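next come a sequence and a model predicted from it.
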Amino acid sequence: MMRPEALQRALIRAVAFGDTANEQHLRRQLRGIAHVGAADHLHAAVLVCLAHRFGEPAPPNPRETSQVNRNHTVLDHTSLSHTGLDHITTGYTAIDRAACDGEAFDRPAIDDDELGRFMAELRATGPGLCPPQNFLEVEAVIRGLYGEPHLIEEIGAKQQREALAFILRYLTESIPEIREGFETVIDRAQALQRHWLTG
Amino acid sequence: MDHIEHRSLFRHHATAMFRGDRNESHRIERRLYPEHATAHHLFIQALFIACITEYFGEELDRRRLRRFIARLRKERPGVSPLKTEALVRVFYGETRLYDEIPHVDHWPCMWSAAQMIIGTDRDDDELAELYDRAEATGRDMVDSALQTEDLFGPRCETAVR
């Protein structure tokens, strides 16, 4: 039996590299709360990988500043800008509030054209990457991670999981830095998870 | 029911929907459904296109769409912002999204958007003019569907940039 941390590392690697048989084998070893940990791990890994593709999100506008400043923490031991990821994952409330005034949506965290190109690439992937049926749901998950969390709420848990795993498979295949430095991706994802737990 | 009666019922139904007269709209729905569902759906789609074209113009400005959807979230809780946004984008060229929006969501999304755009205070003449435009759009849609590979409207797929 693998230690929990090693199990999580092996599992996310199997998901990212599309090793379905190994993924199922490892998933059967998850116990209790470890299932939640695996879901968080997937979520964090996708955020880390999406930052490779989309860079850091736009700087927060003044309405969001207080929220984001509160979330600045000590995760500076990797090259990833954690300010950016904090903004993505925990700056929701202020963005949500501003959305109703129509201000935050003037500056989406991901440029619409950029996202359109990414979605076109995802739609063009072959059956080897096991693409999901509904790409609108994939788009909703990505935008949900980047400041429009209400979009994720519209997507069922199973579809969310499938969308996240598919995005991770695609980014792992298409970006050499992710593929060849996957241990670093895992380290960053775990740092992000610890940050979610401890604030 | 002949073509003239069809047309008149679709228009009366839309007017009842815009003015919030649910008794009247339900009464007409009982006469239309299920036999005339397909024709009515085409009319609603054409009306939706006429409304969003009036509001967004010929080119879709995504910032304007975001503001509209933010307003929908506030004014129409329970109506899907994601699917309403996607339906607007379908008719501005992202036709591949159409199949990814469950059919059951089309009615609430399209009517909510149309009602938000049209409001409740247009008089009969103004609504008649809107319906004329919708019918012209519907004829274009059918023509283009028969003559080209574009199924869902006069604009071609432009989603892949």
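Done, it's in.

where does chain B have low pLDDT?
B:1, B:148-161 (pLDDT under 70).

name the residues of it found near chain A, please.
Listed as neighbours of chain A in chain B under the rule C-beta under 8 Å from any C-beta of the partner chain: B:62-63, B:66-67, B:69-71, B:73-74, B:80-83, B:86, B:96-97, B:100-101, B:159-161. Placement of C-beta: from N, CA and C, glycine included.

show the buried residues in the residues you listed.
B:62, B:66-67, B:69-71, B:73, B:80-83, B:86, B:96-97, B:100-101, B:159 (16 or more other C-beta atoms under 10 Å in any protein chain shown).

quick one on the thing from earlier: next step: the residues of chain B next to chain A restricted to strands.
Among those, no member is found in strands (DSSP state E).

for chain A, which helix is longest?
helix A:34-54 (DSSP state H).

which other helices and strands does that helix contact?
Here helix A:34-54 touches helix A:4-16, helix A:82-90, helix A:112-123, helix A:135-145, helix A:157-174, helix A:176-180, helix A:182-198, going by 3 or more C-beta pairs under 8 Å, 6 or more residues apart in numbering or on different chains; DSSP states H and E.

buried ones in stretch A:158-167?
Buried residues in stretch A:158-167 (16+ other C-beta under 10 Å): A:Q159, A:Q160, A:R161, A:E162, A:A163, A:L164, A:A165, A:F166, A:I167.

any chance you could list what contacts that stretch?
Residues outside stretch A:158-167 that contact it (C-beta atoms under 8 Å, 6 or more residues apart in numbering or on different chains): A:15, A:39, A:42-43, A:46, A:49-50, A:122, A:129-132, A:134, A:137-138, A:141-142, A:152, A:155.

which among the residues you listed end up buried?
Of the contacts of stretch A:158-167, these count as buried by 16+ other C-beta under 10 Å: A:15, A:42-43, A:46, A:49-50, A:122, A:129, A:131-132, A:134, A:137-138, A:141-142, A:152, A:155.

now the helices for chain B?
B:3-18, B:22-32, B:37-56, B:62-75, B:81-90, B:103-118, B:124-147.

convert the C-alpha atoms of the last one to PDB, please.
Read it as helix B:124-147. Taking C-alpha atoms only, helix B:124-147 is exported to PDB below (Å, rounded to 0.1, in the frame of the first residue of the first chain):
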ATOM      1  CA  ASP B 124     -49.000  47.200 -30.300                       C
ATOM      2  CA  ASP B 125     -47.500  49.000 -33.400                       C
ATOM      3  CA  GLU B 126     -44.000  48.700 -32.000                       C
ATOM      4  CA  LEU B 127     -44.500  45.000 -31.200                       C
ATOM      5  CA  ALA B 128     -46.000  44.400 -34.700                       C
ATOM      6  CA  GLU B 129     -42.900  45.900 -36.200                       C
ATOM      7  CA  LEU B 130     -40.700  43.600 -34.100                       C
ATOM      8  CA  TYR B 131     -42.700  40.600 -35.200                       C
ATOM      9  CA  ASP B 132     -42.400  41.600 -38.800                       C
ATOM     10  CA  ARG B 133     -38.600  41.700 -38.400                       C
ATOM     11  CA  ALA B 134     -38.700  38.300 -36.600                       C
ATOM     12  CA  GLU B 135     -40.700  36.700 -39.400                       C
ATOM     13  CA  ALA B 136     -38.300  38.100 -42.000                       C
ATOM     14  CA  THR B 137     -35.400  36.600 -40.000                       C
ATOM     15  CA  GLY B 138     -37.300  33.300 -39.800                       C
ATOM     16  CA  ARG B 139     -37.700  33.200 -43.600                       C
ATOM     17  CA  ASP B 140     -33.900  34.000 -44.000                       C
ATOM     18  CA  MET B 141     -33.100  31.100 -41.600                       C
ATOM     19  CA  VAL B 142     -35.200  28.600 -43.500                       C
ATOM     20  CA  ASP B 143     -33.700  29.800 -46.800                       C
ATOM     21  CA  SER B 144     -30.200  29.600 -45.600                       C
ATOM     22  CA  ALA B 145     -30.800  26.200 -44.000                       C
ATOM     23  CA  LEU B 146     -32.000  24.900 -47.300                       C
ATOM     24  CA  GLN B 147     -29.400  26.600 -49.500                       C
END
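
what residues of it count as buried?
B:L127, B:L130, B:Y131, B:R133, B:A134, B:E135, B:T137, B:G138, B:M141, B:S144.

and which of the residues you listed is nearest to A:I175?
B:S144 (39.8 Å; C-beta to C-beta).

A:R179 is in contact with A:L168, isn't it?
No - counting by C-beta atoms under 8 Å, A:R179 stays clear of A:L168, with 11.3 Å between them.
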